[in-house]
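Novice: Here's a sequence, model it:
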Amino acid sequence: PASKNQGAPSSPLMRAPPPCGSAPTPPVSMAVSARSQASSKIREFDLINALKQRYGSASPRLVQGIGDDAAVIASSPNRDYLLTTDLLAEGIHFNLRTATLIDIGFRAAAANLSDIAAMGGIPVYFLVSLAVPRSATVRQVEQLYDGMMAACRAHRVELIGGDTSASKGGWFVNIMLIGSAEPGSVLLRSGARVGDDLYVTGTLGDSRAGLHMLEQPRGMTQARSVRPANRRYLMRRHLRPTARIHEGRWLSKAGWATSAIDLSDGLSGRLRHLCAESGVGAVIELAALPISSACRQYALSVKRDPPVLALAGGEDYELLFTVPARQRTRFARASAQRQFRMTRVGRMTPAKEGLRMM
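Specialist: Next up is the predicted model:
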């Protein structure tokens, strides 16, 4: 596994340490199970960089290879292809005690759709490879595909193939998604500049809060004070995340964003990768983080600081992106007209200043 476009796992055990000057962030439970069950000591992004240096291609048609949300291949003078893939393993990325196979299929597709959204592209086709336990039924496989198709139909993405195999263990689900974009319009992680404003779409921390409630045994008193409507909202945000395809397309086509990355592993971790690729630092304003009222209520009920939950929470599948500061007023007006929720949460600084929280 080498990168998002080469099926890299995203384990808390493979994550870099917290930014200097920030509060330590706890390991993030990803997808629909706790990823802490993973035992590998490999650090994901160290591995990505090593493989990029050793095997990275210099093909003239390869616009962007290992290291971004998707690979970009120039296919014609007016079209680039975007290719991404994600592998999900039962017991590592999802758990059948906390999600149905329909939910798991939906989330698997959403993870790939979010990669295309972060590049500002249009998702077009997808392929699925499954390793199926011997105890599985045809109906269970159909449910998994029902979930994937539910996420993809909203964007008119077509299933065009794949592969199946038996599994001696649990379920393994791998999706390869193919998208497209206009040449020169693709959003990369490497475009942020010192002085750019830093934004996120939507709200943060909802998925993590929803997973925690799904994992609680029935009758557990912790978080019982969260209103039923808020509980349902947070659990749905975890089980049925929204890939921000429309927002990514608008940021790209209108030329607003200078860089972007999706928040599949939490704000603090993903910002580190964006800074590394762009050669800049960043400062986050904790009071500016967009946190839903449901997430705030949950955080307070379990005696957690809401901004810490928002920083560490993974798989909200929101977008983190940068916009030149000189565009701030125009961008705020234009995004409001589109009814996109986009919140300025900080700014990019010289690399020597590192990553800071205020």
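Novice: Please count neighbours and contacts with C-alpha atoms only from this point.
Specialist: Will do.
Novice: show me the contacts for Arg79.
Specialist: Shown in contact with Arg79 (Cα atoms under 8 Å, 6 or more residues apart in numbering): Ser180, Ala181, Glu182, Pro183.
Novice: Excluding chain neighbours, what is closest to the residue nearest the centre of the chain?
Specialist: Centroid check for the chain by Cα atoms, centre = their mean gives Ser264 as the closest residue, at 2.3 Å. Among residues not flanking Ser264 along the chain, Glu315 sits closest, at 4.1 Å (Cα to Cα, 6 or more residues apart in numbering).
Novice: now do Gly161
Specialist: Closest residue in space to Gly161, ignoring its immediate chain neighbours: Leu127 at 4.8 Å, by Cα to Cα, 6+ apart.
Novice: Now the one you found, what are its backbone angles?
Specialist: Reported as degrees, to the nearest 10, the phi and psi values for Leu127 are phi -120, psi 150.
Novice: what's the average pLDDT for stretch 329-348?
Specialist: Mean per-residue pLDDT for stretch 329-348: 98.
Novice: Can you give me the end-to-end span of that stretch?
Specialist: Taking Cα to Cα, to the nearest Å, stretch 329-348 runs 17 Å from one end to the other.
Novice: what sits up against it?
Specialist: Residues contacting stretch 329-348 (Cα under 8 Å, 6+ apart): 192-202, 247, 256, 280-286, 288-290.
Novice: Now the one helix or strand Asp163 maps to: buried residues?
Specialist: Using DSSP states H and E, Asp163 sits within strand 158-167. Burial within strand 158-167, assessed by neighbour count using 16 or more other Cα atoms under 10 Å, is assigned to Glu158, Leu159.
Novice: so what strands line up beside the helix or strand just after that strand?
Specialist: Toward the C-terminus, strand 158-167 is succeeded by strand 172-181 as the next helix or strand (DSSP H and E). According to DSSP bridges, strand 172-181 forms sheet pairs with strand 79-89 (antiparallel), strand 122-133 (antiparallel).
Novice: wait, doesn't the residue nearest to Gly161 sit right on Gly162?
Specialist: Yes. Contact criterion Cα atoms under 8 Å: Leu127 and Gly162 qualify, at 4.8 Å.
Novice: Leaving aside the residues adjacent along the chain, what's closest to Thr322?
Specialist: In space, Thr322 is closest to Leu198, 4.6 Å off (Cα to Cα, 6+ apart).
Novice: And the one you found, how close does it get to Asn95?
Specialist: Taking Cα to Cα, one finds Leu198 at 34 Å from Asn95.
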